[in-house]
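**Student:** when you get a sec, could you give me coordinates for this:
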Amino acid sequence: KVSSLLLLCLPVFAATVHINYTDSSMYTKMSSELSSMGFTVTGTNSGSVTLNDFTNKDLHINVAGNNNCGSTCKTAYESYIGAGGTVIIAGDGDHDGNRTGNIEQLIESKLSVGTITMYTNENNWASFANGSQYSGSSNVWAVRNLFSMQSGGTALASNNSAGTHTYKSWAVYSYGSNGGKLIVTMDQIQFNQSNSSWSSALWTFFEETLEEEGLTTPTSGIT
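**Tutor:** Next up is the predicted model:
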């Protein structure tokens, strides 16, 4: 009689995420989507960033309304990303507001990983995923703000499906020697938009981005 041991590759996730938020409805939506991806989600309903809230988390997301990422916030992110963490920070949809300016400073002066220029208008701009890591490049969702990239980083989504458009909607920046990442978009509304097609496209893009950045990689299991 022959017995066999079957080795399967199962989607076993142990990733953790912390979210700074001010909109409870947005947090509920994000928590639901991230939980379905296998994340353990915690959140802080505050515009103030506290490093202790996410020091041991795999991912930190900042969707804290129009609150600034000031000196304390930037320093916390410098430490966390430098140690190998990943931060996703989203603007509040105001192209020339204080929060947008602070995100630019985080990129350009605190981490010194690139330079960007905001497009000087808000609208429902088309956002397309760009890159071979994404499925269905025809999928599109709306964002309130776009930006051009003069140096550094890699665009993840832009205003056309080919990825050739000057104006981008998502970008990722590497920082330090431990694999840390800063992922930037300038609009929070996209995470909780009412249009179901746009919402589906955004969350497909979001999950595939996290997979590409190594945050939702399946591990081997035995059954």
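**Student:** please, where are all the strands along this structure?
**Tutor:** Assigned by DSSP state E, the chain shows strands spanning 7-10, 16-21, 40-45, 59-63, 86-90, 115-118, 125-129, 140-143, 147-151, 154-158, 168-175, 180-185, 219-222.
**Student:** let's have those in TSV, adding mean neighbour count and distance to residue 33.
**Tutor:** C-beta: built from backbone N, CA, C; applies to glycine. TSV is the format used below for those (neighbours: other CB atoms under 10 Å; distance: least, CB to CB, whole Å):
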stretch	mean neighbour count	distance to residue 33
strand 7-10	10	21
strand 16-21	22	11
strand 40-45	16	9
strand 59-63	24	11
strand 86-90	24	13
strand 115-118	17	27
strand 125-129	23	16
strand 140-143	23	13
strand 147-151	16	24
strand 154-158	22	17
strand 168-175	23	16
strand 180-185	24	15
strand 219-222	10	21
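**Student:** how about those, which one is nearest residue 202?
**Tutor:** With CB to CB as the criterion, residue 202 lies closest to strand 140-143 of the strands of the chain, at 4.3 Å.
**Student:** list the neighbouring strands of the closest one plus their orientation.
**Tutor:** strand 125-129 (antiparallel) (DSSP bridges).
**Student:** residues in contact with the strand it pairs with?
**Tutor:** If you take CB atoms under 8 Å, 6 or more residues apart in numbering as the criterion, strand 125-129 is touched by 136-146, 156-161, 163, 167, 169-170, 190, 201-202, 205, 208.
**Student:** same thing but 7 Å
**Tutor:** Residues outside strand 125-129 that contact it (CB atoms under 7 Å, 6 or more residues apart in numbering) are 137, 139-143, 146, 157-161, 169, 205.
**Student:** hmm, residue 33 is touching residue 203, no?
**Tutor:** Yes - taking contacts as CB atoms under 7 Å, residue 33 lies within contact range of residue 203: 5.3 Å.
**Student:** so the closest residue in space to residue 155 that isn't next to it in sequence bridges to which residues?
**Tutor:** In space, and not counting its chain neighbours, residue 155 is closest to residue 168: 4.4 Å by CB to CB, 6 or more residues apart in numbering. For residue 168, the beta-bridge partners under DSSP bridges are residue 147, residue 158.
**Student:** may I ask which of the contacts of strand 125-129 comes out lowest in pLDDT?
**Tutor:** Least confident entry in these, by pLDDT: residue 137, with 53.
**Student:** thinking again about what came up before, does the residue nearest to residue 155 touch residue 153 like I think?
**Tutor:** No - Residue 168 is beyond contact range of residue 153, at 9.0 Å (criterion: CB under 7 Å).
**Student:** what do those two both touch?
**Tutor:** Shared contacts of residue 168 and residue 153 (CB under 7 Å, 6+ apart): none.
**Student:** ok, now how distant is residue 143 from residue 49?
**Tutor:** From residue 143 across to residue 49, the span is 23 Å (CB to CB, to the nearest Å).
**Student:** report the contact partners of the residue nearest the centre of the chain.
**Tutor:** Central residue of the chain (CA atoms, centre = their mean): residue 88, 3.6 Å from the mean position. Neighbouring residues of residue 88 by CB under 7 Å, 6+ apart: 61, 183.
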